[in-house]
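Q: Sequence first, then the predicted structure:
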Amino acid sequence: MKEKVVIQICMGSSCFSRGNNKTLKVIQHYLKEHGLEGDVVLKGNHCFGDCSKGPVVKINERLYENINSDNILEILEHTFN
Ligand code: FES
């Protein structure tokens, strides 16, 4: 069985208000559009303690910093291609 990709998006107030609220929707839309929902575990997390690098998203334990709704698409493309 293929291992699922784990995407953790910081929903702490700093990351959330600085863009992860939109980024969450972008990720959900991307997964749906590419039929990836079954291959991914998408979780919202409390503050990772990295607010100064935020908004942050973790994919399989790798932390991505300064996320916005554009660069998340590049990261998703890179992750799933
Ligand atoms: S709110 Fe996201 S790291 Fe603190």
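A: Perfect, I can see it now.

Q: what residues does this protein put near the ligand?
A: Cys10, Gly12, Ser14, Cys15, Cys47, Phe48, Gly49, Asp50, Cys51, Gly54, Val56 (CB under 6 Å from any ligand atom). Where you see a C-beta, it was placed from the backbone N, CA and C, and this is true even at glycine.

Q: Tell me the secondary structure at the third one.
A: Taking DSSP: H, G, I helix; E, B strand; the rest coil as the rule, one finds Ser14 in the helix state.

Q: In contact with it, which residues?
A: By CB atoms under 8 Å, 6 or more residues apart in numbering, Ser14 lies in contact with Cys47, Cys51, Gly54, Pro55.

Q: How many residues are close by Phe16?
A: Number of residues near Phe16 (other CB atoms under 10 Å) recorded here: 19.

Q: Return the residues in contact with the closest residue to it other than its chain neighbours.
A: Nearest residue to Phe16 in three dimensions, chain neighbours excluded: Cys10, at 7.4 Å (CB to CB, 6 or more residues apart in numbering). By CB under 8 Å, 6+ apart, Cys10 lies in contact with 16, 20, 44-48, 50, 54-58.

Q: now Gly19
A: Pro55, Ile67, Asn68, Ser69.
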